[in-house]
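>>> quick one: sequence plus predicted model below, questions after.
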Amino acid sequence: MNHNPPVRIGKISYINASPVYYGLDHGLLPSWLEMVADVPSALNRQIMTGQVVLSPISAAFYAQNHTDLLVLPDLSISCHGRVLSVLLASQYPIERLGGKHIVFTRESASAASFLKMIFNRKQITPEYAVGRVDDCQRVSKQADAALVIGDTALTQPWDTVFHYCYDLGQLWYEMTQLPFVFAVWAVRRPFARKYPEVVRDIHQLLLASRVQGEVHLERVIRNGIEKTGLPEPVVREYFDLLYCDLDEKKIDAMTLFFDSLKQQGILYDRPRVNFFEFSG
């Protein structure tokens, strides 16, 4: 296959996507493919502007743009209970956050929508603001609570600076008994229509790359330790709690999440999870 310029695809810059990209990072990346690493919110924008044609994107962003995108089968970033990297750090119990000031990171649409949905179900109405949440000491002086995601949630002592730390994966599981899907891999529909064989090949590469990540999990863990500086047991537990597949239960969980977003008025219609299918 020969593409000039190379096909650009997104890559989440947090360690949570490391198992999926392990093979591509270690020899599987063909010359016709270029990976663009960034935070989830930036990848969301880049797939809509066409800067990348295929990328992991937040599940809520897929729901908001489902008419323009197709989901790749059997790929996600999910949890089944605790996830460690999506936290609500708060100076108050969650039930007492009504009217309190909560700051959101700009980096994840799914986590923000997810937290709003939890508050909506509990009939709690905080005041929301978007800002930097990369320093737990500074945030504690500026807000009553903060939504923190990714490596920042893992690497800073939120539980010592704030009185309460809620794991959103665990909150969701307690409410629904279902997994939660934070991100899916999606492709722009026009690109999939025009180049179905290319999308099929990229999908197969991602699945093969994930297999390599599973086979070399010890190296994935070591790389995570080097990137975050966290102790080995923490990184090991983190990868134990992560799922990178997309089975029926996770699809059901996405549908339930989308229904909740519609009830909150975040979505105008009820999106279906439409998959890329290669019929060649």
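Cool, got the structure.

>>> for the lengthiest helix in the chain, buried residues please.
Secondary structure of the chain per DSSP state H: the longest helix is helix 196-215. Neighbour-count burial for helix 196-215, counted by 16 or more other C-beta atoms under 10 Å, picks out 196, 198-203, 205-207, 209-210, 212-213. Every residue, glycine included, has its C-beta placed from N, CA and C.

>>> how far does that helix sit from its chain's centre?
Its chain's C-alpha centre and that of helix 196-215 lie 19 Å apart, by C-alpha atoms, centre = their mean, to the nearest Å.

>>> could you check the angle the helix or strand that it is followed by makes with helix 196-215?
Per DSSP states H and E, the first helix or strand lying C-terminal to helix 196-215 is helix 217-228. Calculated by axes from the mean of the first three to the mean of the last three C-alpha atoms, to 10 degrees, helix 217-228 forms an angle of 90 degrees with helix 196-215.

>>> lowest-confidence helix or strand of the chain?
Using mean pLDDT, DSSP states H and E, the weakest-scoring helix or strand in the chain turns out to be helix 109-121, at a mean of 81.

>>> contacts for that helix next, please.
Residues outside helix 109-121 that contact it (C-beta atoms under 8 Å, 6 or more residues apart in numbering): 40-41, 44, 58-61, 64, 86, 88, 94, 97, 102, 104-105, 125-126, 128, 147, 149, 168, 171-172, 175, 180, 182-183, 257, 260-261, 263-264, 266.

>>> what are the boundaries of the helices in the stretch 151-280 of the chain?
Assigned by DSSP state H, counting those that start in this stretch, the helices in the stretch 151-280 of the chain fall at 158-161, 168-176, 189-194, 196-215, 217-228, 232-241, 248-263.

>>> the second one packs against which elements?
What that stands for is helix 168-176. Judged by 3 or more C-beta pairs under 8 Å, 6 or more residues apart in numbering; DSSP states H and E, the packing partners of helix 168-176 are strand 86-90, helix 109-121, strand 180-188.

>>> out of those, which comes closest to Gly229?
Among the helices and strands packed on helix 168-176, strand 86-90 comes nearest to Gly229, with 18.0 Å by C-beta to C-beta.

>>> what sits up against the closest one?
Identification of contacts with strand 86-90 by C-beta under 8 Å, 6+ apart yields 94, 97, 102, 108, 111, 114-115, 136, 139, 144-149, 153, 158-159, 161-169, 171, 182.

>>> just the buried residues of these.
By 16+ other C-beta under 10 Å, the contacts of strand 86-90 give 94, 97, 102, 108, 111, 114-115, 136, 139, 144-149, 153, 158, 161-162, 164-169, 171, 182 as buried.

>>> for the stretch 1-150 of the chain, give me the ranges with low pLDDT.
The model of the stretch 1-150 of the chain has pLDDT under 70 over residues 1-4, 107-110.

>>> which residues in it form strands?
According to DSSP state E, counting those that start in this stretch, the stretch 1-150 of the chain carries its strands in the segments 7-12, 33-38, 54-58, 69-79, 86-90, 101-104, 127-130, 145-149.

>>> ok so, going back, if any of the contacts of helix 109-121 are buried, put those into a PyMOL selection.
With 16+ other C-beta under 10 Å as the criterion, this PyMOL line picks the buried residues out of these:
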select buried, resi 40+41+44+58+59+60+61+64+86+88+94+97+102+104+105+126+147+149+168+171+172+180+182+183+257+260+261+266
